[in-house]
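Visitor: from the sequence below, what's the structure:
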Amino acid sequence: QVQLVESGGGLVQAGGSLRLSCAASGLAFSTYAMAWFRQAPGKEREFVAGIRWNGSKDDYTDSVKGRFTISKDNARNTVYLQMSSLKPEDTALYYCAAAKFGTGLGTSRYDYWGQGTQVTVSS
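Guide: Next up, the predicted model:
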């Protein structure tokens, strides 16, 4: 049974930092591309960052470039999202997702999802 468990969310002031973690089990983690998505109330789930199965390349949505960094530790079956210079508009439920055939913007290409961790940025 595949599980993706996110952690590290919380309440932070604007300009602050958080590091999200997603621990994976039940899948060949090192062969999967991983991504972070987020969903704010009343909005669609959106792609935030993605990384290849071997960590060789990462991608970001424009609004987080230069502020967020995704990384993948295949030895620990964990993917991270380091978030800095946080803004109130970053407030959302953050999900990690696993894709066997590479990341992308659309949610349908992902095989597995976590339950999410809440990030709230106060102004």
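Visitor: how near is R67 to A14?
Guide: Plainly put, R67 is 12 Å away from A14 if you go by C-beta to C-beta, to the nearest Å. The C-beta positions use only the backbone N, C-alpha and C, and glycine is treated the same way.
Visitor: could you tell me which residues touch both of these two?
Guide: Taking C-beta atoms under 8 Å, 6 or more residues apart in numbering as the contact rule, the neighbours common to R67 and A14 are L86.
Visitor: please name the nearest non-neighbouring residue to V79.
Guide: Distances taken as C-beta to C-beta, 6 or more residues apart in numbering put M34 closest to V79, at 4.2 Å, once the chain neighbours are dropped.
Visitor: what is the mean pLDDT for stretch 30-47?
Guide: For stretch 30-47, mean pLDDT is 97.
Visitor: next: stretch 1-20.
Guide: Per-residue pLDDT values across stretch 1-20 average out to 98.
Visitor: assign S108 to helix, strand or coil.
Guide: What DSSP: H, G, I helix; E, B strand; the rest coil gives for S108 is helix.
Visitor: contacts only, for the residue nearest in space to the middle of the chain.
Guide: The residue lying closest to the centre of the chain (C-alpha atoms, centre = their mean) is W36, at 2.2 Å. Taking C-beta under 8 Å, 6+ apart, we find W36 in contact with L20, C22, V48, A49, G50, I70, V79, L81, Y94, Y95, C96, A97.
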